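Asks: I would like the atomic coordinates for the input below:
(chains A and B)
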Protein chains: 2
Amino acid sequence: MQTEFNDWMTERQQGIEHALDEFLPDPKLAPARLHEAMRHAVLSGGKRIRPLLAYAAGEVFGATTQHVTVAACAVELVHAYSLVHDDLPCMDNDVLRRGKPTCHVAFGEATALLAGDSLQTLAFELLTHEGLAIPAVARLDMIRLLSQASGSRGMAGGQAIDLDSTGKSIELPELEMMHILKTGALIKASIQLGALCGKAPYPAATEALNRYAHAVGLAFQVIDDILDATTSTQDLGKTAGKDAAQNKSTYVTLLGIRHARELADDLHKQALAAIAPLPASQHLADLADLIMDRKS
Amino acid sequence: MQTEFNDWMTERQQGIEHALDEFLPDPKLAPARLHEAMRHAVLSGGKRIRPLLAYAAGEVFGATTQHVTVAACAVELVHAYSLVHDDLPCMDNDVLRRGKPTCHVAFGEATALLAGDSLQTLAFELLTHEGLAIPAVARLDMIRLLSQASGSRGMAGGQAIDLDSTGKSIELPELEMMHILKTGALIKASIQLGALCGKAPYPAATEALNRYAHAVGLAFQVIDDILDATTSTQDLGKTAGKDAAQNKSTYVTLLGIRHARELADDLHKQALAAIAPLPASQHLADLADLIMDRKS
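Replies: Prediction:
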């Protein structure tokens, strides 16, 4: 089982690396430095959790790997753009990402800003891709879902709330709302876009996927908070202990490690229960396990 | 004639202000500060040249004002996002825009960064608008054209080339290439999107519009360079004399004011000649005149 999942995952991770490499502008094309910065931001590793969720959700509705790849790349590009901008000095001012210098450290602030901007643009451009054998109406749905998930009422809005709350003590409901926007919205969109690559999802399945996405998105963040508090910078590949250093409220500061872990376990169970009735949902279940067990 | 054009323009400018106000997130909705920053960036004046070009191009193909409005707002949102990011300290570090404090001066750098990001996202979201009575395939074409015009091989690419060339002496062909990307691509997209709101443009018309767009886009920039060198900050509503202060190559530094003006006049004639055979192209001609005669 684990071997089957690992093979499935490795194959798709390789596919996504190849596709991202294809879709990103050639570094030989002008403006070369901007294109290098975009490639640095996207191709420097990463677990590709969002693309994997898109593939796994697509399987529930009979989508082939090939059909999902463009959507999977689009969500990963939005994720990569958000990391580049989030790492900038005016935001988190971080120097390390996936074990490598952040984009602005490697290319300067102005180029990193433009690289993030251009990665966002490229994500939407991909979804208009003429080779995508998906009806135009479904592609517009994907663009709508991805834009709503990443704009001011989604991911970017969550980052704004995060900014406002840094140094303040906030309560659990506000923390949850922030993460639902900041991380959860794009995770949910990854699953929704994957599903749209297959045959039209029926309402009960959409509802089940949304409940899975909600639980997995929050569990992801709870685990993130635990890792930030318990793992070394070297193992994490990004600066550890940042939350405490920035005096941020997290699941760990609000609940303590033990209760945070219990919350994550509970969300994990909710995620598995949500998709249990769905056919071909084994890889979604495996990914929920992976998100719980990750070490970085 | 001038009165008819002025009435036409005023009516559409009012329409676009109203529509932008509608489409931008309510400032009462969370995250309120981010939404205020987005509104500050978009609703603080501006001539709305790009939306006007979209309306005028739409008229050539029988598009109603109502049909063009969403596309017109989308291009203006991309323009507004680019100004917010362009004004940031790591880019142009400008404090004044349209006679008001720039977004990061009013709201801080981090919020301005996220506001620009969210404005770009909103532009793409608008084009998926369900109320848009335009076929899904044409809307995907719009999203493709807008993304290509604004990404690393369009507007953002032009800004990257501008960054790289600041302080260096560049020649006329490189200057032209930079402006074709930095300003011209979005102007061209405005015209293309407007045309797509009407009945399918025939190839000769598309070709004529592209020639008009090319000439008007460059003329716009030549006039910009002349205004930067000859107009006060107060009259311009943004910091004047920046090009000289940053030791930038411009049409004025490369050609001198008189020859730059001659080049603009020549481009103006090319623009008018390109659209002369097209029906209902009077407002495109009027807009070319306006771009030539503008004082800010």
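Asks: and the stretch 101-250 of chain A, which residues reach chain B?
Replies: A:108-111, A:113-118, A:120-122, A:124-125, A:127-128, A:135-137, A:139-141, A:143-144, A:147-148, A:150-153, A:156-157, A:159-161, A:163-164 (Cβ under 8 Å from any Cβ of the partner chain). Every C-beta, even on glycine, is put in place using the N, C-alpha and C of the backbone.
Asks: Could you pull out the strands in the stretch 51-200 of chain A for me?
Replies: Assigned strands in the stretch 51-200 of chain A, in chain order: A:96-97, A:100-101 (criterion: DSSP state E, counting those that start in this stretch).
Asks: With distance to residue A:20 and mean pLDDT added, can I get those strands in a markdown table?
Replies: Below are the strands of the stretch 51-200 of chain A laid out as a markdown table (distance: least, Cβ to Cβ, whole Å; pLDDT from 0 to 100):
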| stretch | distance to residue A:20 | mean pLDDT |
| --- | --- | --- |
| strand A:96-97 | 16 | 90 |
| strand A:100-101 | 16 | 93 |
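Asks: mind putting these in a markdown table, mean neighbour count included?
Replies: Shown next, in a markdown table, are these (neighbours: other Cβ atoms under 10 Å in any protein chain shown):
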| stretch | mean neighbour count |
| --- | --- |
| strand A:96-97 | 21 |
| strand A:100-101 | 15 |
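Asks: Out of those strands, flag the one nearest residue A:268.
Replies: Among those, the nearest to residue A:268 by Cβ to Cβ is strand A:96-97 (26.4 Å).
Asks: What ranges in the stretch 51-200 of chain A fall below the confidence cut-off?
Replies: For the stretch 51-200 of chain A, applying pLDDT under 70 flags the ranges A:131.
Asks: That one: helices as residue ranges?
Replies: Shown for the stretch 51-200 of chain A, the helices assigned by DSSP state H, counting those that start in this stretch span residues A:65-87, A:103-107, A:109-126, A:136-150, A:155-165, A:172-179, A:185-196.
Asks: Only alpha carbons, please: show the longest one as PDB.
Replies: The C-alpha trace of helix A:65-87 is given here as PDB (Å, rounded to 0.1, in the frame of the first residue of the first chain):
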ATOM      1  CA  THR A  65      -3.000  12.500 -15.000                       C
ATOM      2  CA  GLN A  66      -2.500  14.400 -18.200                       C
ATOM      3  CA  HIS A  67      -5.700  16.300 -17.800                       C
ATOM      4  CA  VAL A  68      -4.900  17.500 -14.300                       C
ATOM      5  CA  THR A  69      -1.300  18.600 -14.900                       C
ATOM      6  CA  VAL A  70      -2.100  22.100 -16.200                       C
ATOM      7  CA  ALA A  71      -4.400  22.800 -13.200                       C
ATOM      8  CA  ALA A  72      -1.900  21.300 -10.800                       C
ATOM      9  CA  CYS A  73       0.900  23.600 -12.200                       C
ATOM     10  CA  ALA A  74      -1.400  26.600 -11.900                       C
ATOM     11  CA  VAL A  75      -2.100  26.100  -8.200                       C
ATOM     12  CA  GLU A  76       1.600  25.400  -7.600                       C
ATOM     13  CA  LEU A  77       2.600  28.700  -9.400                       C
ATOM     14  CA  VAL A  78       0.100  30.600  -7.200                       C
ATOM     15  CA  HIS A  79       1.700  29.000  -4.100                       C
ATOM     16  CA  ALA A  80       5.200  29.800  -5.300                       C
ATOM     17  CA  TYR A  81       4.300  33.400  -6.000                       C
ATOM     18  CA  SER A  82       2.900  33.800  -2.500                       C
ATOM     19  CA  LEU A  83       6.100  32.400  -1.000                       C
ATOM     20  CA  VAL A  84       8.300  34.800  -2.900                       C
ATOM     21  CA  HIS A  85       6.200  37.800  -1.800                       C
ATOM     22  CA  ASP A  86       5.800  36.500   1.700                       C
ATOM     23  CA  ASP A  87       9.600  36.200   2.100                       C
END
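Asks: is it anywhere near chain B?
Replies: Yes - using Cβ under 8 Å from any Cβ, helix A:65-87 reaches chain B at A:81, A:85.
Asks: quick check: angle from that helix to helix A:185-196?
Replies: Going by axes from the mean of the first three to the mean of the last three Cα atoms, to 10 degrees, helix A:65-87 is angled at 170 degrees with respect to helix A:185-196.
Asks: From the chain's centroid, how far away is helix A:65-87?
Replies: 8 Å (Cα atoms, centre = their mean, to the nearest Å).
Asks: Only the buried residues of it, if you could.
Replies: Residues of helix A:65-87 classed as buried by neighbour count (16 or more other Cβ atoms under 10 Å in any protein chain shown): A:65, A:67-87.
Asks: That helix versus helix A:109-126: what angle between them?
Replies: Counting by the same axes, to 10 degrees, helix A:65-87 lies at 160 degrees to helix A:109-126.
Asks: just to revisit the earlier point, check the residues of the stretch 101-250 of chain A next to chain B for burial and list the buried ones.
Replies: Among these, those buried by neighbour count (16+ other Cβ under 10 Å) are A:109-111, A:113-118, A:120-122, A:124-125, A:127-128, A:136, A:139-141, A:143-144, A:147-148, A:150-153, A:156-157, A:159-161, A:163-164.
Asks: for the helices of the stretch 51-200 of chain A, which one sits closest to residue B:230?
Replies: helix A:109-126 (27.8 Å).
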